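In: Sequence and computational prediction follow.
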Amino acid sequence: MTVPNLRGYAAFAEMPVQPAELWRWLTEPALLLRWYAVAVQFDLRQGGRLVARFPDGVTAHARVMQQDPLRRLSFALDPAAGWPSAAVVNEDWIIDARPGKVMLRILGEGVPMTPAWAPWLRQQQSRWAVS
(Lines give C-alpha, C1' and ligand atoms only; values in the text may rest on other atoms or scores of the structure.)
Protein backbone atom coordinates (compact mmCIF):
# COMPACT_ATOMS: atom_id res chain seq x y z
CA MET A 1 0.00 0.00 0.00
CA THR A 2 1.33 3.44 -0.92
CA VAL A 3 1.01 6.18 1.69
CA PRO A 4 0.28 9.56 0.11
CA ASN A 5 2.70 12.38 0.79
CA LEU A 6 0.66 14.83 2.81
CA ARG A 7 1.51 17.77 5.00
CA GLY A 8 -0.26 20.00 7.43
CA TYR A 9 -0.14 23.37 9.08
CA ALA A 10 -0.45 24.63 12.63
CA ALA A 11 -0.94 27.91 14.45
CA PHE A 12 -0.98 28.55 18.17
CA ALA A 13 -1.95 31.60 20.19
CA GLU A 14 -2.28 32.19 23.89
CA MET A 15 -5.60 33.93 24.45
CA PRO A 16 -6.36 36.43 27.25
CA VAL A 17 -9.91 35.09 27.74
CA GLN A 18 -11.61 32.14 29.38
CA PRO A 19 -12.66 29.12 27.24
CA ALA A 20 -16.34 30.17 27.15
CA GLU A 21 -15.46 33.59 25.74
CA LEU A 22 -13.04 32.11 23.19
CA TRP A 23 -15.74 29.63 22.11
CA ARG A 24 -18.07 32.56 21.41
CA TRP A 25 -15.37 34.26 19.28
CA LEU A 26 -14.98 31.02 17.29
CA THR A 27 -18.67 30.26 16.81
CA GLU A 28 -20.75 33.44 16.70
CA PRO A 29 -20.92 34.97 13.20
CA ALA A 30 -20.99 38.57 14.50
CA LEU A 31 -17.76 37.95 16.41
CA LEU A 32 -16.13 36.00 13.55
CA LEU A 33 -16.67 39.11 11.40
CA ARG A 34 -14.51 41.10 13.78
CA TRP A 35 -11.38 38.99 13.31
CA TYR A 36 -11.76 36.09 10.87
CA ALA A 37 -13.53 37.07 7.66
CA VAL A 38 -15.49 39.86 5.97
CA ALA A 39 -18.60 37.69 5.49
CA VAL A 40 -19.60 34.61 7.49
CA GLN A 41 -22.44 32.10 7.57
CA PHE A 42 -22.15 29.42 10.24
CA ASP A 43 -24.41 26.56 11.25
CA LEU A 44 -22.59 25.09 14.26
CA ARG A 45 -24.41 21.76 14.33
CA GLN A 46 -22.56 18.59 13.30
CA GLY A 47 -23.01 18.41 9.53
CA GLY A 48 -23.63 22.17 9.46
CA ARG A 49 -21.78 24.55 7.17
CA LEU A 50 -19.24 27.32 7.60
CA VAL A 51 -18.91 29.74 4.68
CA ALA A 52 -16.36 32.53 5.09
CA ARG A 53 -15.22 35.19 2.63
CA PHE A 54 -11.80 36.68 3.37
CA PRO A 55 -10.40 40.13 2.54
CA ASP A 56 -8.39 38.67 -0.36
CA GLY A 57 -11.65 37.63 -2.05
CA VAL A 58 -11.29 33.91 -1.34
CA THR A 59 -14.42 32.16 -0.09
CA ALA A 60 -13.98 28.98 1.95
CA HIS A 61 -16.68 26.37 2.51
CA ALA A 62 -16.45 23.71 5.20
CA ARG A 63 -18.63 21.11 6.86
CA VAL A 64 -18.68 20.76 10.65
CA MET A 65 -17.53 17.21 11.36
CA GLN A 66 -17.43 17.45 15.14
CA GLN A 67 -18.08 20.04 17.78
CA ASP A 68 -17.30 19.66 21.43
CA PRO A 69 -18.46 22.91 23.07
CA LEU A 70 -15.72 24.91 24.75
CA ARG A 71 -13.10 22.47 23.45
CA ARG A 72 -13.02 21.68 19.73
CA LEU A 73 -14.42 22.29 16.26
CA SER A 74 -13.46 19.96 13.43
CA PHE A 75 -14.07 20.84 9.78
CA ALA A 76 -13.76 19.12 6.42
CA LEU A 77 -12.87 21.81 3.89
CA ASP A 78 -14.77 21.68 0.61
CA PRO A 79 -12.64 21.65 -2.54
CA ALA A 80 -12.49 25.16 -3.99
CA ALA A 81 -12.01 26.45 -7.51
CA GLY A 82 -8.44 27.49 -6.67
CA TRP A 83 -7.34 24.05 -5.50
CA PRO A 84 -4.76 22.51 -7.84
CA SER A 85 -6.13 18.97 -7.44
CA ALA A 86 -8.52 16.86 -5.40
CA ALA A 87 -7.66 16.56 -1.70
CA VAL A 88 -9.28 15.82 1.64
CA VAL A 89 -8.22 18.70 3.89
CA ASN A 90 -9.39 18.85 7.49
CA GLU A 91 -8.94 21.59 10.06
CA ASP A 92 -9.37 21.53 13.84
CA TRP A 93 -9.85 24.56 16.09
CA ILE A 94 -8.88 23.40 19.57
CA ILE A 95 -9.25 25.29 22.84
CA ASP A 96 -6.55 24.02 25.18
CA ALA A 97 -7.35 25.28 28.68
CA ARG A 98 -4.83 24.75 31.43
CA PRO A 99 -4.52 26.49 34.80
CA GLY A 100 -3.64 30.11 34.08
CA LYS A 101 -3.46 29.67 30.30
CA VAL A 102 -5.89 29.28 27.40
CA MET A 103 -4.42 28.36 24.01
CA LEU A 104 -6.10 28.30 20.62
CA ARG A 105 -4.57 25.64 18.41
CA ILE A 106 -5.36 25.47 14.70
CA LEU A 107 -4.30 22.20 13.09
CA GLY A 108 -4.77 21.42 9.41
CA GLU A 109 -3.99 18.15 7.67
CA GLY A 110 -4.31 16.47 4.31
CA VAL A 111 -2.54 19.01 2.10
CA PRO A 112 -0.83 17.20 -0.81
CA MET A 113 2.94 17.57 -0.79
CA THR A 114 3.27 18.80 -4.35
CA PRO A 115 4.61 22.12 -5.66
CA ALA A 116 1.16 23.02 -6.99
CA TRP A 117 -0.22 23.07 -3.43
CA ALA A 118 2.56 25.26 -1.96
CA PRO A 119 0.77 28.61 -2.65
CA TRP A 120 -2.45 27.34 -1.06
CA LEU A 121 -0.55 26.13 2.00
CA ARG A 122 1.25 29.49 2.34
CA GLN A 123 -2.10 31.28 2.06
CA GLN A 124 -3.62 29.09 4.78
CA GLN A 125 -0.63 29.55 7.06
CA SER A 126 -0.71 33.33 6.61
CA ARG A 127 -4.45 33.42 7.28
CA TRP A 128 -3.76 32.03 10.75
CA ALA A 129 -0.64 34.12 11.41
CA VAL A 130 -0.88 35.85 14.76
CA SER A 131 0.55 39.34 15.02
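Out: Perfect, thanks for sending it.
In: all helices of the chain, in order?
Out: 19-27, 29-35, 118-127 (DSSP state H).
In: Distance from the chain centre to the longest one, please.
Out: Put plainly, it is helix 118-127. In terms of Cα atoms, centre = their mean, to the nearest Å, the centre of helix 118-127 is found 12 Å from the chain centre.
In: Now do the strands in this structure.
Out: In the chain, the segments counted as strands under DSSP state E are 6-15, 39-42, 49-53, 59-68, 72-77, 89-98, 101-112.
In: could you dump those to CSV with distance to residue 26?
Out: Backbone N, C-alpha and C define where each C-beta goes, glycine included. As requested, the strands of the chain are exported to CSV (distance: least, Cβ to Cβ, whole Å):
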stretch, distance to residue 26
strand 6-15, 10
strand 39-42, 9
strand 49-53, 10
strand 59-68, 10
strand 72-77, 6
strand 89-98, 6
strand 101-112, 8
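In: Dig out what the most centrally placed residue in the chain forms beta bridges with.
Out: Closest to where the C-alpha atoms of the chain average out (Cα atoms, centre = their mean) is residue 91, at 4.8 Å. Beta-bridge partners recorded for residue 91 (DSSP bridges): residue 75, residue 108.
In: quick one: contacts for it?
Out: 62, 74, 75, 77, 106, 107, 108, 109 (Cβ atoms under 8 Å, 6 or more residues apart in numbering).
In: so how many other residues sit close to the first one?
Out: If I follow you right, that is residue 62. Counted with other Cβ atoms under 10 Å, residues neighbouring residue 62 total 20.
In: Going forward, count from 37.
Out: Noted, 37 is the first residue going forward, which turns the last one into residue 98.
In: Quick check: the closest residue to it other than its chain neighbours vs residue 151, distance?
Out: In space, residue 98 comes closest to residue 111 once its chain neighbours are excluded; the distance is 3.9 Å by Cβ to Cβ, 6 or more residues apart in numbering. According to Cβ to Cβ, to the nearest Å, residue 111 and residue 151 sit 25 Å apart.
In: So which of the two has more stuff around it?
Out: residue 111 (21 against 8).
In: thinking again about what came up before, could you export the contacts of residue 127 to JSON lines, including columns for pLDDT and distance to residue 132?
Out: Converted to JSON lines, those look like this (pLDDT from 0 to 100; distance: Cβ to Cβ, whole Å):
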{"residue": "98", "pLDDT": "95", "distance to residue 132": "21"}
{"residue": "110", "pLDDT": "97", "distance to residue 132": "15"}
{"residue": "111", "pLDDT": "97", "distance to residue 132": "18"}
{"residue": "113", "pLDDT": "94", "distance to residue 132": "22"}
{"residue": "142", "pLDDT": "94", "distance to residue 132": "11"}
{"residue": "143", "pLDDT": "95", "distance to residue 132": "11"}
{"residue": "144", "pLDDT": "93", "distance to residue 132": "16"}
{"residue": "145", "pLDDT": "94", "distance to residue 132": "17"}
